[in-house]
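In: missing the sequence, but the structure's below:
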């Protein structure tokens, strides 16, 4: 109430008794009585001020401040919102729009789509993709673990825990491909992820801690929503890359597809009965940032591992 926003809908939370007027100020007291009667949480401040022309607006606001300071006013604005299923479909449209302008035009994915014959997709680029995905999956607990105890909704909490139990340890699957490429577990423990990889991990961890609803909305894109097959693996197979690299990737992808991880976001939001409009607006604003971070992840892979320089891990021991 201190800012006296016109969006406020003041509600009187206690009965107020007025003494009967015995003097000439009865009209004034009647105006006060009517004003107090309107404090039902359904009338915005602007209308309250204008409802009594005989009372100066500053006097009405002063009255409301006094009541607020006494703990008798509740700023009761009507809450409007939409069901979670409706919200996630709208967010998916926004993701699709942003991806069309960024991620789908990314040079990494353009190279994958263009790969048709042996050698079209450089093996070094593929190994780089596996390295950064290993870093991402190795740190998945940074952003999955904070939401496992999601208190507001039991059904959502159960979905998340089931997902985590199926997802845990997928970095070990990718390590098989890295072993084939000559990289050991000790090598990977000494390795530093690219800045864009760590940036994506940190952003997801931040949202998981501070804005779990928005974090849930990112899982669809991260887990390949609606994909029946992995386009990166398809590109690797068309380029006839070694089975030692590709087979572990297929095992990982088949688990995600078989367990329906791409549909996790929709399943979560199906269980959320209502999301207020302010939260929806915030999620829309943040969606663009998330897509840009995901686009940067693949751009970082393309720039670092797609160069002509020899494939080198960024090592802690060499700092």
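Out: Happy to help now that I have it. This structure is a prediction, so every number in the text was calculated from the model and none was measured.
In: use CA for all of it now, contacts and neighbours both
Out: OK.
In: immediately after the lowest-mean-pLDDT helix or strand in the chain, which helix or strand?
Out: When each helix and strand of the chain is scored by mean pLDDT, DSSP states H and E, strand 73-75 comes last, with a mean of 71. Moving toward the C-terminus from strand 73-75, the next helix or strand (DSSP states H and E) is strand 81-82.
In: quick one: distance of that next one to the chain centre.
Out: Its chain's C-alpha centre and that of strand 81-82 lie 17 Å apart, by Cα atoms, centre = their mean, to the nearest Å.
In: in its sheet, which strands sit next to it, and in what direction?
Out: Note on strand 81-82: by DSSP bridges, its sheet partners are strand 275-276 (antiparallel).
In: how far does whichever helix or strand comes after the partner strand sit from its chain's centre?
Out: Next helix or strand after strand 275-276 toward the C-terminus (DSSP H and E): helix 277-305. In terms of Cα atoms, centre = their mean, the centre of helix 277-305 is found 10 Å from the chain centre.
In: buried sites along helix 277-305?
Out: 280, 283-284, 287-288, 290-291, 293-302, 305 (16 or more other Cα atoms under 10 Å).
In: how about stretch 66-75?
Out: Buried positions in stretch 66-75, judged by neighbour count with 16+ other Cα under 10 Å: 67, 68, 72, 73, 74, 75.
In: tell me where the model's unsure across the stretch 151-300 of the chain.
Out: For the stretch 151-300 of the chain, applying pLDDT under 70 flags the ranges 226-229.
In: so which residues of it form helices?
Out: Using DSSP state H, counting those that start in this stretch, the helices of the stretch 151-300 of the chain run over residues 154-167, 170-180, 185-189, 195-210, 212-222, 231-238, 243-258, 264-270, 277-305.
In: before we move on, the earlier item: okay if I get the buried residues of stretch 66-75 as CSV plus distance to residue 266?
Out: Shown next, in CSV, are the buried residues of stretch 66-75 (distance: Cα to Cα, whole Å):
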residue, distance to residue 266
67, 45
68, 42
72, 42
73, 40
74, 36
75, 34
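In: now the helices of the stretch 151-300 of the chain as CSV including distance to residue 57?
Out: Compiled in CSV, these are given as follows (distance: least, Cα to Cα, whole Å):
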stretch, distance to residue 57
helix 154-167, 48
helix 170-180, 64
helix 185-189, 67
helix 195-210, 40
helix 212-222, 41
helix 231-238, 64
helix 243-258, 62
helix 264-270, 45
helix 277-305, 29
